[in-house]
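Student: take a look and give me a structure for this.
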Amino acid sequence: MEQKPKPTIEELRAVLNALGRADADTARITAFTSEEDGAEYAVWRIDGDETAVLKRAKAFEIACYETYFRDGTPYVPALLGTCRTGDGDWLLTEYCEGRDLRRCDRPRLVKAIDALAGLQNAFWQRADLYDSCITMERAEKAVKDRGTYLGSEKLERAYAAFERVYRETPRTLSHEDLLPINVLANEDRAVLIDWEHAGILPYAGPFARLIAHGREDEDAFFYLTEADRDFAIGYYYERLPQMHGISYADYRRTLDHFLFYEYCEWIMLGNRYDARGDERFGYCSKLADRTADRLLQ
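Tutor: As a prediction, the model looks like this:
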């Protein structure tokens, strides 16, 4: 897909004017950049009368804010405005101080799980919202796509079992890309950002994605100790599944299925794009194989 050209500062000021910012012509505008390669995101910090974040957003993210967060919540940056211009859809939100969870520690992990569980308790089994944003039908298509190119009869059998569990798991608000980079936490709270893929979907998906790719290796992109991972599994259970009558055994079985799903992402990518030499392919293959053994018992 062809990327849209980077907007000029003048074009961004026009967007801020469309959003009703009184300081649109004087605010300082700074692009957020990737810490990996310094590339600029289509997201800008706006410093003026108040600090905010301007994002060239996908329609699904705006729909998510307008459907789920219009009345506000402490777990997501507050919505300040949306607009559509000839250059696309735009989202203006509160600027939240904090660091992401790539270098995870226990206090920020607690706040992240509090935020996730707080949102999911609020939207638990909201059947009136099943057709909003990313629907179950759309999500199941993505699930089926990931199940291709696994290259192993055992993994395929375990994946078929996961698909059954996916359909049967209780549903709530699900951030379908809750990697540690999409959490910002400080001493007071954590917020979940980048809601481009969300809907009322199986509850275990976001938590599994949050912890699946952390490693107890200081050089890892996502650092998470085994002790903190084990803590998180129990802490999340107490704050969501247990409150809805789900036994710990059923929760752990469900979580294993969703962790398996996460490991299969890199297996599918490695096989599909002939990238089996990627270290992540080998790492996730081992985890998926061990998890499949448990799931097929």
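Student: how many neighbours does Asp89 have?
Tutor: 17 (other CB atoms under 10 Å). All C-beta atoms are positioned from the backbone trio N, CA, C, and that covers glycine.
Student: what secondary structure does it sit in?
Tutor: strand (DSSP: H, G, I helix; E, B strand; the rest coil).
Student: tell me the contacts of it?
Tutor: Arg56, Ala57, Lys58, Ala59, Ile62, Thr82, Cys83 (CB atoms under 8 Å, 6 or more residues apart in numbering).
Student: would a markdown table of those with secondary structure and distance to Thr30 be doable?
Tutor: A markdown table is the format used below for those (DSSP: H, G, I helix; E, B strand; the rest coil; distance: CB to CB, whole Å):
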| residue | secondary structure | distance to Thr30 |
| --- | --- | --- |
| Arg56 | strand | 15 |
| Ala57 | strand | 18 |
| Lys58 | coil | 22 |
| Ala59 | helix | 25 |
| Ile62 | helix | 22 |
| Thr82 | strand | 21 |
| Cys83 | strand | 20 |
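Student: could you flag which of the residues you listed are buried?
Tutor: The neighbour count (16 or more other CB atoms under 10 Å) marks Arg56, Ala57, Ile62, Thr82, Cys83 as buried among the contacts of Asp89.
Student: assess the claim that the third one and Leu92 are in contact.
Tutor: The one in question is Ile62. No - using CB atoms under 8 Å, Ile62 is not in contact with Leu92; the gap is 10.6 Å.
Student: is Ala63 located within a helix, as I assumed?
Tutor: Yes - remark: Ala63 belongs to a helix, assigned using three-state DSSP.
Student: packing partners for the longest helix seen in the chain?
Tutor: Of all segments of type helix in the chain, defined using DSSP state H, the longest is helix 248-272. In terms of contacts (3 or more CB pairs under 8 Å, 6 or more residues apart in numbering; DSSP states H and E), helix 248-272 is packed against helix 136-146, helix 153-168, helix 204-212, helix 226-239, helix 279-295.
Student: what lies in contact with the second one?
Tutor: For helix 153-168, the external contacting residues (CB under 8 Å, 6+ apart) are 140, 143-144, 147, 150, 202, 253-254, 257-258, 260-261, 264, 267, 288-289, 291-293, 295-296.
Student: at 6 Å what do you get?
Tutor: By CB atoms under 6 Å, 6 or more residues apart in numbering, the residues outside helix 153-168 that reach it are Val143, Gly147, Leu150, Pro202, His257, Phe260, Tyr261, Ala292, Leu295, Leu296.
Student: quick check: Arg229 vs Leu178, distance?
Tutor: Distance of Arg229 to Leu178, computed by CB to CB, to the nearest Å: 15 Å.
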